[in-house]
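[1] sharing a model that was predicted from the sequence below.
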Amino acid sequence: MSKGLFITFEGADGCGKTTQIKLAAEYLKNKGYDVILTREPGAKGLGEQLREILLNYDGIVSDRCESFLFLADRAQHIDTIVVPAVDAGKIVLCDRHIDSTVAYQGYGRGQDIEQINKLNMIATNNRKPDLTIVFDIDVETSMSRVGSEKDRMESSGTEFFNKVRHGYLEIAKQEPQRVRVLDSAKSIEEIHESVIKLINSLV
Ligand code: TYD
């Protein structure tokens, strides 16, 4: 593998993707790959400050402003971290990316999906992930895993998270080559095996 890879992990809050991304990183590092583990929002530097606003600001945030803040974080992340690493031959594993904005701000908040798609392409300079894994989870389990201490996004309610889940499944239907769905109800080990199979088909 001379060119690097860009792989994103997606799903509703509490879907287990953060556990899975760490396991995948460990597996790939053990195989000798140069791996970068990163996330949106909140990669190092400016991203950390944008994350703080997005998750903890307690005043009014308009829906369009929310979208633009996630997109601003994305543009910075793609330009300063993701693309340089992929172009240097590394495997970049990213916790959330373009599909979070489509699922949360598009399907969840009701922002125009076509517009979000276009803005995503501007924010990323038309660079799409090589593979996206969606961890599908039912809303009850997702909410119970999140617990009672919710951040600004997690406080959006059951109806919102039903729409987010539906959004992810729609994205996967529209881009079946790039976006693969795994069932989060399975055990951590079973899901990890499926993740590795998907990644190994690319490396
Ligand atoms: P985080 O604590 O990283 O949640 P998780 O561990 O579930 O990934 O918080 C990120 C939150 O921001 C999460 O609720 C999803 C939301 N989000 C959006 O609404 N739009 C986006 O474009 C992104 C990247 C995240």
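    Great, that's in hand. Residues are numbered from 1 along each chain as shown.
[2] flag every residue of the chain that's near the ligand.
    Applying C-beta under 6 Å from any ligand atom, we find that the chain lies next to the ligand at 13, 18, 40-41, 55, 70, 95-96, 100-101, 104-105, 153-154. (Each C-beta comes from the backbone N, C-alpha and C, glycine too.)
[3] select, from these, the two members most distant in space.
    Farthest pair in these (C-beta to C-beta) is Thr18 and Gln105. Separation: 20.6 Å.
[4] more neighbours: those two, which one.
    Gln105 (26 against 16; other C-beta atoms under 10 Å).
[5] so that one, which of the three states?
    Applying DSSP: H, G, I helix; E, B strand; the rest coil to Gln105 yields a three-state assignment of helix.
[6] ok, residues contacting the helix or strand of the chain with the lowest mean pLDDT?
    Lowest on mean pLDDT, DSSP states H and E among the helices and strands of the chain sits helix 139-146, with a mean of 90. The set of residues external to helix 139-146 that reach it, using C-beta atoms under 8 Å, 6 or more residues apart in numbering, is Ala12, Asp13, Gly14, Cys15, Gly16, Glu154, Thr158, Phe161, Asn162, Arg165, Ser184, Ala185.
[7] for this structure, what spans make up the strands?
    Remark: strands assigned in the chain by DSSP state E are 5-10, 35-39, 91-95, 131-136, 179-183.
[8] quick one, what contacts Gly106?
    Contacts of Gly106 (C-beta under 8 Å, 6+ apart): Asp112, Ile113, Ile116, Gly167.
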